[in-house]
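Undergrad: Build me a model from this:
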Amino acid sequence: MLRLTLIQTRLHWEDPTANRAMLEETIFGLPAPTDLIVLPEMFTTGFTMNAEVLAEPMNLTTFRWLKQMAAQTGAVVTGSYIVKEQGRYYNRLVWMQPDGAFDTYDKRHRFRMAGEDRTYAAGEKLLVKTWKGWNICPLICYDLRFPVWSRNRPAEARPFAYDLLLYVANWPAARRTAWNTLLQARAIENLSFVAGVNRVGEDGNGHPYAGESALIDPKGEVLFRQADIEGAFQLTISRDELTAFRERFPANLDSDRFQIL
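TA: Numbers count the residues shown, from 1 in each chain. Now for the predicted structure:
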């Protein structure tokens with residue numbers, strides 16, 4: 001079993017200090033232990049193009065805060081924020097383990113309709129991490145629209161690269177139907193659990209967010225979905241359930257083989 005905590009919240013616009021304080025209170029108030037805490041996209045600022053002002057180098061305030069949260073909860077804590085590295089800005093997800101080991105994923109598909117492609121550099125590689133016996137692939141928001149990038153292809157001796165696909169997002173309410181539909185599609189086509197964590201409230205540009213954070217099983221069934229309200233939703237997924245379904249319905253054996261160039 002894997003215990004997930006999906007944190008769906010409002011975000012203080014471009015105010016990292018306030019957001020870290022708010023999220024810290026939420027995390028320390030969790031009613032039960034957890035294995036994985038998932039925060040929204042750009043959890044320190046909201047979805048902003050003001051990278052020049054708000055970006056942090058690695059190993060500074062937010063990185064150290066993630067390290068503290070993971071150590072004190074005994075869980076992996078993950079979400080994305082704005083990072084500056086070698087003169088470039090990234091919408092970067094940090095995967096922080098309780099022992100301080102970490103890895104990163106830079107958002108591959110940048111939302112051009114908001115100018116993200118002109119502000120942030122694109123990521124070049126997928127990230128798959130093993131935690132508590134689960135292989136987990138975290139992605140960011142607009143990545144959800146591009147199934148080739150997230151395809152669950154064989155990895156070394158394993159028939160599947162991952163068992164759980166994560167999406168952290170600032171996905172506006174105007175496109176909530178696409179969000180809900182695509183989360184289910186990614187679960188079905190990849191024979192994987194899928195969790196999507198979105199924010200609620202309104203951002204500094206006046207865009208409303210409906211949440212709709214969700215957990216989907218590999219058959220595409222919605223195990224959990226919550227719109228509009230803030231909350232830290234604690235859920236559990238079963239390895240036995242996943243293995244049994246993959247054995248009964250091995251559609252992966254007929255999938256097309258390809259390489260991303």
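Undergrad: How many residues are close by residue 113?
TA: Neighbouring residues of residue 113 were enumerated by other Cβ atoms under 10 Å; the total is 7. Just so you know, the C-beta spots here come from the backbone N, C-alpha and C atoms, and that holds for glycine as well.
Undergrad: part of a helix, is it?
TA: Yes: Residue 113 forms part of a helix when assessed by DSSP: H, G, I helix; E, B strand; the rest coil.
Undergrad: what's next to stretch 187-194, contact-wise?
TA: With Cβ atoms under 8 Å, 6 or more residues apart in numbering as the contact definition, stretch 187-194 has outside contacts at 147, 150-152, 160, 162-167, 183-184, 186, 214-220, 237, 242, 245-246, 249, 251-252.
Undergrad: Tell me which of these fall in strands.
TA: Assigned to strands by DSSP state E, the following of the contacts of stretch 187-194 qualify: 164, 165, 166, 167, 214, 215, 216, 237.
Undergrad: quick revisit: buried subset of the contacts of stretch 187-194 as a PyMOL selection?
TA: The following PyMOL selection, which keeps only the buried ones among these, applies the criterion 16 or more other Cβ atoms under 10 Å:
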select buried, resi 150+151+152+160+162+163+164+165+166+167+183+184+186+214+215+216+217+218+237+242+246+252
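Undergrad: quick one, strands of the stretch 51-200 of the chain?
TA: For the stretch 51-200 of the chain, strands defined by DSSP state E, counting those that start in this stretch occupy the ranges 76-85, 88-96, 102-106, 129-131, 134-140, 164-168, 193-197, 200-202.
Undergrad: Can you give me the buried ones in the third one?
TA: If you call a residue buried by 16+ other Cβ under 10 Å, then strand 102-106 has these buried ones: 102, 104, 105, 106.
Undergrad: and those as JSON lines, adding distance to residue 38 and pLDDT?
TA: Formatted as JSON lines, the buried residues of strand 102-106 follow (distance: Cβ to Cβ, whole Å; pLDDT from 0 to 100):
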{"residue": "102", "distance to residue 38": "15", "pLDDT": "98"}
{"residue": "104", "distance to residue 38": "15", "pLDDT": "98"}
{"residue": "105", "distance to residue 38": "13", "pLDDT": "98"}
{"residue": "106", "distance to residue 38": "17", "pLDDT": "98"}
